[in-house]
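Peer 1: I'd like to go over a predicted model; first the sequence, then the structure.
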Amino acid sequence: MPTEQNLLDNYLSNIDILGEGMPVWFNARRSDAAAALNLHGLPTAKQERYLHSDIVRLLEGEWEQYFVARRHPAPKELLPEADANRIELINGRAVNNGLKISIEGAVYGSLRAATCSEKYGALVEKWLDSAADMSDTPTALTRMFVQDGAFIYLPEGIEEQSPILIDNFYHAENEAELCFSQTLVVAEKGARAEVIITHRSAGDGRIFAGITREAIIGEDADVHFTELYDLQQNCSIVNNNYVHQTKASHCATMSCKTGDGYVRAAYNSALTAPEAVSDVWALFLCGGEEHCDLNLAVRHLAPDCRSYSLVKGAAAGNAVGSFAGMVYVAQDAQRTDAQQQSRNLLLNDTARIFAQPQLEIYADDVKCSHGATVGQLDDEAIYYMRQRGLSEKQARRLQIEGFAYDVVQHCGCQHMCRHISELTAAKLEKM
Amino acid sequence: MLSVKNLHANVGGKEILRGINLEVRAGEVHAIMGPNGSGKSTLASVLAGNEKFEVTAGEVTFCGQNLLEMSIEERAREGLFLGFQYPVEIPGVTMSNFMKMAVNEQRKHRGLEPLTAGEFLKLMREKSAVVELSSKLTSRAVNEGFSGGEKKKNEIFQMAMLDPKLAILDETDSGLDIDALRIVATGVTKLHTPENATVVITHYQRLLDYIVPDYVHVLYKGQIIYSGDKSLALKLEAEGYDWLINDYQ
Ligand SMILES: Nc1ncnc2c1ncn2[C@@H]1O[C@H](COP(=O)(O)OP(=O)(O)O)[C@@H](O)[C@H]1O
Ligand SMILES: [Mg+2]
């Protein structure tokens, strides 16, 4: 099992190959991240944010790490019918090590390519690591080893018509692989786009993927993220997202876990200038022995911002779901309007869901609400549906789909909507 | 069609139905009246198979089969429909999706192919017209945000969609204004044929102006204490139940 020390040793003995071809500043920040990991250690259940995520246990066993690109079988194209700007990553590395420009002018492609490019290198240097929190050790760990990921740049005023699709594919055969990637999204003033991020996996080997994503949403910009975790049981993801919003910007995130693999996802938003708006919808479906841990933190740092979040979880079998939410309102963030709701459904007596919404408010003129419920299926509704001829199983399914609907309806393009609905239905069938 | 003999049922250890006898033949309309708490809804629930109630004695046959051995959905697919006194709201489940599944399950049971999307839409349009249910409501979640009247119309709409052999309508008329009552009652009348049967549970005679019952039964403390023709309903409306109850005691 890689302990902090193993990881640091591995880092030090591969430092040259890790940073080969990357700018000095990029590699210098690796050392800062290594220092942070050394200082804080891997998260244990003693850290509140990782209360229900045993990262150390996830890392048990022998792992391989590769610092040069390797061959993998190409996965089936995702959403082939969708007219999307595609970024394809395998185990965190871009399949096409380049950048593309959409008709509307959005720049997208490999983070490595952007970092090393003359045109966008300075932009990456300015914004990469600016929103991420290195005291979160999985974030630091990712930064230590990162060699690639996705990059999206939306120049001022562009309105991207086709979704930008980041297709993360994880693959290991006959071995266990640790992989890391970092994504940077920069939306300049007034830019708009729809970004779809999917995570899927194949192969009989285990995968542990550490991911950090930062999104810098400029004034009046509007970016909608849809993120889907459709992982095999042998693939685990720890995904830390950081959104930094400026004046009157809007960022919406819909996140959905339908796969069987372990997911620990954190969505952090900082509303740093007035009238910024953040919306988050999340759904996790867990069955069997699965585990899913969702963390949500919204920081209101300026007045007149609004945030809304709705997190829904359903658990069956011996699954464990957990949700930890935090709304922080700084002293001068007056007239904050913040709502955070967590609604959960236990489908049997052995599944468990922990929900912990928290408020921390230092301003006095605010409208904040939060709440969490854990309930069961409504027997009356099932009786009603069966009275119309549905089987008990169909009635249960329909009710759970109904439960999921107010999250699922926020998914990106229509193709993605259909994809998520199908995966949700297939997951419910198994739960 | 339906034959109930000496039916006893409990809920929470308490006996609610205490020996019900009822015969319903094809083409008939029966009205069941009686004071609050007499067991009318319980009777409807037990016939529909609600698992909250425990049948302790008696027999029920429905179209020649032992109804009490059938699951809730088997009863429904065999053509038994219950119009709920309190229709249930099901968030996130659209009426059209729900009805499509229900209709197709019932068709499957009868060995029929599922309806195509086009056929289904046509059926929805046709049947929602029976109770003047707006198409806005059929695209919404089941009963969610429906007014009291809309919920009752929605029950009859579902009845129209499913075309049951036996419909038991539990206080489908309560809480309706005059217009809604007329629409609901005319709807039920339109759906009545010589091949099917309707049992209406009601408090009021006014529904029976539209749906003329062949028999009126009075349920009291879990037993049918009196049966008559439609004039009984008028008499009950004018004089209440006291004369019957006094007689019975
Ligand atoms: N789920 C239940 N648990 C306990 N008692 C019930 C339940 N449902 C009905 N009852 C009781 O059974 C009796 C008959 O109720 P009901 O059938 O609803 O009467 P009606 O429809 O004639 O007004 C009442 O005394 C009522 O309190
Ligand atoms: Mg009743």
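Peer 2: Perfect, I can see it now. Ligands and ions are numbered 1, 2, ... in the order given.

Peer 1: C-alpha from now on. contacts and neighbour counts both.
Peer 2: Noted.

Peer 1: and the residue of the stretch 251-400 of chain A nearest ligand 1?
Peer 2: The stretch 251-400 of chain A approaches ligand 1 most closely through A:E380 (11.1 Å), counting by C-alpha to the nearest ligand atom.

Peer 1: residue boundaries of the strands in chain B?
Peer 2: For chain B, strands defined by DSSP state E occupy the ranges B:2-11, B:14-24, B:29-33, B:54-62, B:65-66, B:80-83, B:90-94, B:141-142, B:166-170, B:197-201, B:215-220, B:223-228.

Peer 1: turn those strands into CSV, columns for mean pLDDT and mean neighbour count.
Peer 2: Shown next, in CSV, are those (pLDDT from 0 to 100; neighbours: other C-alpha atoms under 10 Å in any protein chain shown):
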stretch, mean pLDDT, mean neighbour count
strand B:2-11, 96, 18
strand B:14-24, 94, 18
strand B:29-33, 94, 25
strand B:54-62, 95, 17
strand B:65-66, 96, 13
strand B:80-83, 97, 26
strand B:90-94, 93, 21
strand B:141-142, 94, 22
strand B:166-170, 96, 26
strand B:197-201, 95, 25
strand B:215-220, 93, 23
strand B:223-228, 90, 17
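
Peer 1: ok, A:D167 touching A:L89?
Peer 2: Yes: look at A:D167 against A:L89 with C-alpha atoms under 8 Å: they come within range, at 6.1 Å.

Peer 1: for the closest residue to B:N21 other than its chain neighbours, give its distance to ligand 1.
Peer 2: Of all residues not flanking B:N21 in the chain, B:K5 sits nearest, at 4.7 Å (C-alpha to C-alpha, 6 or more residues apart in numbering or on different chains). Distance from B:K5 to ligand 1, counting by C-alpha to the nearest ligand atom, to the nearest Å: 18 Å.

Peer 1: just A:V68 next, same as before
Peer 2: A:V68 is 67 Å from ligand 1, by C-alpha to the nearest ligand atom.

Peer 1: per-residue pLDDT, that residue?
Peer 2: The model reports A:V68 with a pLDDT of 91.

Peer 1: who's in contact with it?
Peer 2: A:I17 (C-alpha atoms under 8 Å, 6 or more residues apart in numbering or on different chains).

Peer 1: quick one: which of the strands of chain B is nearest A:A276?
Peer 2: strand B:90-94 (29.2 Å; C-alpha to C-alpha).

Peer 1: list the pairing partners of the closest one within its sheet, with orientation.
Peer 2: Here strand B:90-94 has these sheet partners by DSSP bridges: strand B:141-142 (antiparallel).

Peer 1: chain B contacts on chain A?
Peer 2: A:380-381, A:383-392, A:398-399, A:401-406 (C-alpha under 8 Å from any C-alpha of the partner chain).

Peer 1: quick check on these: which are buried?
Peer 2: A:381, A:383-392, A:398-399, A:401-406 (16 or more other C-alpha atoms under 10 Å in any protein chain shown).

Peer 1: quick one: low-confidence parts of chain B?
Peer 2: For chain B, residues meeting the criterion pLDDT under 70 lie at B:249.

Peer 1: just the closest residue of it to chain A, please.
Peer 2: B:G92 (3.6 Å; C-alpha to the nearest C-alpha).

Peer 1: isn't that residue right up against A:R397?
Peer 2: No: counting by C-alpha under 8 Å, B:G92 stays clear of A:R397, with 11.8 Å between them.

Peer 1: any chance of a markdown table for the strands of chain B, columns distance to A:G288?
Peer 2: As requested, the strands of chain B are exported to a markdown table (distance: least, C-alpha to C-alpha, whole Å):
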| stretch | distance to A:G288 |
| --- | --- |
| strand B:2-11 | 35 |
| strand B:14-24 | 39 |
| strand B:29-33 | 49 |
| strand B:54-62 | 34 |
| strand B:65-66 | 38 |
| strand B:80-83 | 37 |
| strand B:90-94 | 25 |
| strand B:141-142 | 30 |
| strand B:166-170 | 41 |
| strand B:197-201 | 46 |
| strand B:215-220 | 49 |
| strand B:223-228 | 49 |
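
Peer 1: pLDDT wise, what is the residue of chain A most remote from its centre at?
Peer 2: Here the centre of chain A is the reference, and by C-alpha atoms, centre = their mean the most remote residue is A:Q387, at 41.0 Å. pLDDT, A:Q387: 98.

Peer 1: can you get me a residue count around the residue in the stretch 101-250 of chain A positioned nearest to chain B?
Peer 2: In the stretch 101-250 of chain A, the residue that lies nearest chain B is A:T226 (20.0 Å; C-alpha to the nearest C-alpha). Residues near A:T226, counting by other C-alpha atoms under 10 Å in any protein chain shown, number 25.

Peer 1: bridged to the residue nearest to B:N21, which residues?
Peer 2: Bridge pairing for B:K5 - DSSP bridges - gives B:E59.

Peer 1: tell me which residues touch it, please.
Peer 2: Shown in contact with B:K5 (C-alpha under 8 Å, 6+ apart): B:G19, B:I20, B:N21, B:L22, B:G58, B:E59, B:V60.

Peer 1: let's go with 10 Å and repeat that
Peer 2: Applying C-alpha atoms under 10 Å, 6 or more residues apart in numbering or on different chains to B:K5 gives the contacts B:G19, B:I20, B:N21, B:L22, B:E23, B:A57, B:G58, B:E59, B:V60, B:T61.

Peer 1: over to A:G92?
Peer 2: Taking C-alpha under 10 Å, 6+ apart, one finds A:69, A:110, A:146-150, A:167-170, A:178-183, A:209-211 in contact with A:G92.
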